[in-house]
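Peer 1: Provided below for reference: sequence and predicted model.
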Amino acid sequence: MKKKFIIILPLLAIILACGRFSNEETISNSEDVPSERIVCIAKQYTEIIFALGAEKDIVAVDISSTFPEAAKLLPTVGYHRALSAEAILSTEPTLIIHDNNIGPENVVTQLDELEIPMKVFDTKGEDIESTKALITEIGTYFNKVDQAKKLCSQLDKEMELALETAKKYSEKPKVLVIHYGQANNVYLVVTANSTAAKIVGWAGGEMAVTGEGRMKHLSAEIVAASDPDVILITDFGFDKLGSHKEIGNLPGISETKAFKEEKVYRVEEHDLIYLGPRTGQTTLMLQKLIHEGKAE
């Protein structure tokens, strides 16, 4: 039987607004003040800045900043842990925003020596309350306080709906999230300690794999033994394989309940790897997928 797959399409939940960049050090609406040239090296920050309508002065992002689509049109300065100093400097930045998860060390040292101003926001954004606090902090920094309030209110409403809807499902499907695979029949699998696990839990499911860290490498045998009800493969790994047939040929995958019941789906990495303004929407979307096999 030909297997069926459902692709999750990211929801565009962006409210765009006009306005000049401003922060606690320099707040001005004067057209005579030159624009900032901001490089944003943090995918979570990038999405929030765009959602706030504060993206006007963003001139480059890291390669993992894949939402919204408009962010993909900007020049990239490399992966956030494998940055290129030359690429960053070529954008002539007046400010670098990052989340303290950047590297390599020699590039960070070089940027420090050049005394390019850098900004790290205080809030981590690792649960719903702290995510709202991060949105508020970034909104204050960019003088988008009202927009930040709207985003937080919308997030609250969508999360409330998602958590209430989850109560109607009597079973909790075991969900295996595969980031990519495979090298020598080894998969990089997302664990129960991850942000993805929080979202899966809010959606009324549970992770098939536990363990230290947010991701771990597992053999095909262990993947098969976990026997998930649902398999989610992120866009990076799913698209790299190139076809549904290739996914069916992966060692261990075809032996799982999920594959046999045609419950292997593609998801966007940025929907599961961090929390942000769309987390409520993502939870609702995932809820339909893991319980009903529907993307919407």
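Peer 2: Good, I have the coordinates.

Peer 1: and the strands in the stretch 1-150 of the chain?
Peer 2: 38-41, 58-61, 78-79, 82-83, 95-98, 118-119 (DSSP state E, counting those that start in this stretch).

Peer 1: if I look at A258, how far off is D227?
Peer 2: Between A258 and D227 the distance is 8 Å, computed by CB to CB, to the nearest Å. Heads up, the C-betas are built off the backbone N, CA and C, glycines and all.

Peer 1: neighbour count for the two, which is higher?
Peer 2: A258 (23 against 14; other CB atoms under 10 Å).

Peer 1: and what about the residue lying closest to the more buried one once chain neighbours are set aside, helix, strand or coil?
Peer 2: Spatial nearest neighbour of A258, excluding adjacent residues (CB to CB, 6 or more residues apart in numbering): I231 at 4.3 Å. Counting by DSSP: H, G, I helix; E, B strand; the rest coil, the backbone at I231 sits in strand.

Peer 1: pretty sure I231 contacts K263?
Peer 2: Yes: look at I231 against K263 with CB atoms under 8 Å: they come within range, at 6.8 Å.

Peer 1: what is in contact with the two at once?
Peer 2: When contacts are counted by CB atoms under 8 Å, 6 or more residues apart in numbering, the set common to I231 and K263 is empty.

Peer 1: name every strand pairing with the biggest strand by length in the chain and say which way it goes.
Peer 2: Longest strand in the chain, counting residues (DSSP state E): strand 174-181. Using DSSP bridges, strand 174-181 pairs in its sheet with strand 186-190 (antiparallel), strand 206-207 (parallel), strand 230-234 (parallel).

Peer 1: quick one: closest of the ones you listed to A54.
Peer 2: When these are compared by CB to CB, strand 230-234 sits nearest A54, at 27.5 Å.

Peer 1: what is the following helix or strand past the closest one packed up against?
Peer 2: The helix or strand immediately downstream of strand 230-234 is helix 235-241, counting by DSSP states H and E. Judged by 3 or more CB pairs under 8 Å, 6 or more residues apart in numbering; DSSP states H and E, helix 235-241 is in contact with strand 174-181, strand 264-267.
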